[in-house]
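In: Return a 3D structure for these sequence lines:
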Amino acid sequence: MKRFTKKIGLDEELPATAAAAIGSDLNQSNLYAIIDIETTGGQPAQDRITEIAIFIHDGQKVVDKYNTLINPQRPIPYFITQLTGISDDMVKDAPKFYEVAKEIVEFTEGKVFVAHNVRFDYSFIKKEFADLGYTFQRKTLCTVRLSRALIPGLPSYSLGKLCKSIDIPLKLRHRAIGDAEATAHLFDKLIKINKPVVDGNMNMAAEHTSQVLKQEIKTSLLPPNISKAQVDALPTVPGVYYFYNDKGEVIYVGKSINIRKRIIQHFNIDYKSRKSLDFKNNIADITYELLGNELTALLYESAEIKRMKPQYNRQQRRSVFNTGVFVYEDEKGYKRLTYSSVNRVDNTSMTPLIALSNHYKAKGFLFHKVAKYNLCQKLCDLYKTGGACFDYQVHQCNGACIGKETPEEYNVRVNAAIDSITYEHNSFVIIGKGREPGERSIVLVEHGTYMGFGFVDDTFSASTLEDFRDAITRYNDNKDVQQIIRNYMRGKHKDKVIVFD
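Out: Numbers count the residues shown, from 1 in each chain. Sure thing, here's the model as predicted:
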């Protein structure tokens, strides 16, 4: 472990008057702890720190430095050793994090936490302290964002390529001490960059850099390509929002009853994995669609995810639902649940109770209902036998499979299971708030099938299903939208519902 206090020379000093102007302004409020860490992997929830380096900058120069290996108390993966050069043997006698935690607190206290892709380093250190029962909280500053603001137009802002572009030496790449020292050089150059001096006014140029720095501290959690002005311009009403990468491709679709608030929450969430950091860093633009209320926002989000299949959306991507769960009554009067292709035509109803992606999902769905509502596996086509089902043999079935339970008794539980996956009414319209005053939204479900939604003005008059059908945009019915509508109808909504049963 190394800790010392002395000057560390950084190149390209400004003339004394300009450096003093900048340094004086910066020193009024902040010292800077420029930090880099190495870890056993990319996920703070499960990986640990193996090395930390901290350079202290006073607004004019680096004045102190701290560096130590850390014993992560777990094996270091081979590929990580290949990348960083840090092996199990190197850290076996190093201090554990709790043994250096007090020094890290003292070394960073009252300072701005600076790092290249600050969310990565900050999240790991916060998690290590959280495991010790301590809340680590610091102002943060990202040198990726600061570089984009003060040196726009470079082909890449990764640390390695950025250092190469502006002639910063980068020794011991992928070691905390090497990367932190390079970031310290970068930070020093950035705070001493001036816009062209106007009429010889060096102080005005220095003030520009100082204001950029202050702004970036306030917005350090935003993605590198997103400005505060973009976020401030977002509406605070319900709708669907889109994140784009720098190629103009939609990489994520979300919804909220308050678009701006939800997007800010995206950016403020602690980093959990390398993938989530990549997601955030890839966001280059934001657009949105106003939807008027929560239900239409939920329905439109689901449709857009299925249409676009964005890279970072995992839920609701599936757009093909080939297997249905059906209900029919057999010759003995027992209501029976079964699964089959949605195009099946026999003694079942033509419309499935719910559509799922494949037979495997449908079987799993039925097993869940059997367990929850004490149904018979045989009468749900999950156990093929001429006699009693397996559950009856282990006293989990009441015997409907062999006639020991009457159809009337058994069907009560089947109806409860059906109610859990179907709408209370067969055909109905939900009328909600529109996107602007004088407008209303309408959501149409006809014969148990979601038909779509649309917007009409307050003068719209309808008395039949056909009138509403002509006013909507058609969307596909599937298990996701069925779940959305069922949950919404069971919640505490204030929308008007017109029933056509």
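In: Low-confidence stretches in the protein?
Out: Along the chain, segments meeting pLDDT under 70 span 1-29, 194-209, 317-320, 343-350, 501.
In: Which secondary structure element is home to the spatially most central residue of it?
Out: By C-alpha atoms, centre = their mean, the mean C-alpha position of the chain lies nearest to residue 266, the distance being 6.1 Å. Assigned by DSSP states H and E, residue 266 falls within helix 259-268.
In: Ok, residue 52 next?
Out: Per DSSP H and E: strand 49-57 holds residue 52.
In: Please apply the same query to residue 141.
Out: strand 140-142.
In: C-terminal to that strand, which secondary structure element comes first?
Out: Beyond strand 140-142 toward the C-terminal end (DSSP H and E), the next one is helix 143-150.
In: Contacts for that next one next, please.
Out: Under the criterion C-beta atoms under 8 Å, 6 or more residues apart in numbering, residues 114-118, 154, 157, 162, 183, 186-187, 190, 193, 209, 212-213, 215-216, 219-220, 222, 224-225, 281 lie in contact with helix 143-150. Placement of C-beta: from N, CA and C, glycine included.
In: Look up how far residue 285 lies from residue 248.
Out: Taking C-beta to C-beta, to the nearest Å as the measure, residue 248 falls 8 Å from residue 285.
In: The two - which one has more neighbours?
Out: Counted by other C-beta atoms under 10 Å, residue 248 and residue 285 do not tie: residue 285 has more neighbours, with 15 against 8.
In: Just list whatever residues bridge to that one.
Out: Legend: beta-bridge partners of residue 285 under DSSP bridges are residue 244.
In: picking that back up, who are the packing partners of the strand holding residue 52?
Out: strand 31-39, strand 62-69, helix 78-84, helix 97-108, helix 118-131, helix 176-191 (3 or more C-beta pairs under 8 Å, 6 or more residues apart in numbering; DSSP states H and E).
In: Adjacent strands (with direction) for it?
Out: Counting by DSSP bridges, the strands paired with strand 49-57 are strand 31-39 (antiparallel), strand 62-69 (antiparallel).
In: quick one, which of those strands is nearest to residue 444?
Out: Minimum separation from residue 444 across these (C-beta to C-beta) falls at strand 31-39, 52.0 Å.
In: Let me see the ranges of the helices in the stretch 301-450 of the chain.
Out: Remark: helices assigned in the stretch 301-450 of the chain by DSSP state H, counting those that start in this stretch are 359-373, 390-393, 407-419.
In: Give me the distance between the two termini of stretch 63-77.
Out: Distance between the boundary residues of stretch 63-77 (C-alpha to C-alpha, to the nearest Å) amounts to 35 Å.
In: Name the residues that touch it?
Out: Here stretch 63-77 makes contact (C-beta under 8 Å, 6+ apart) with 1-5, 7-8, 39-41, 47-57, 86-88, 90-97, 100, 103-104, 107, 176-177, 180.
In: 6 Å instead?
Out: 1-3, 5, 40, 48-51, 53-56, 88, 91, 94, 96-97, 100, 107, 177 (C-beta atoms under 6 Å, 6 or more residues apart in numbering).
In: Next: stretch 105-122.
Out: 30-35, 37, 54, 66, 138-144, 159, 183, 220, 271, 277.
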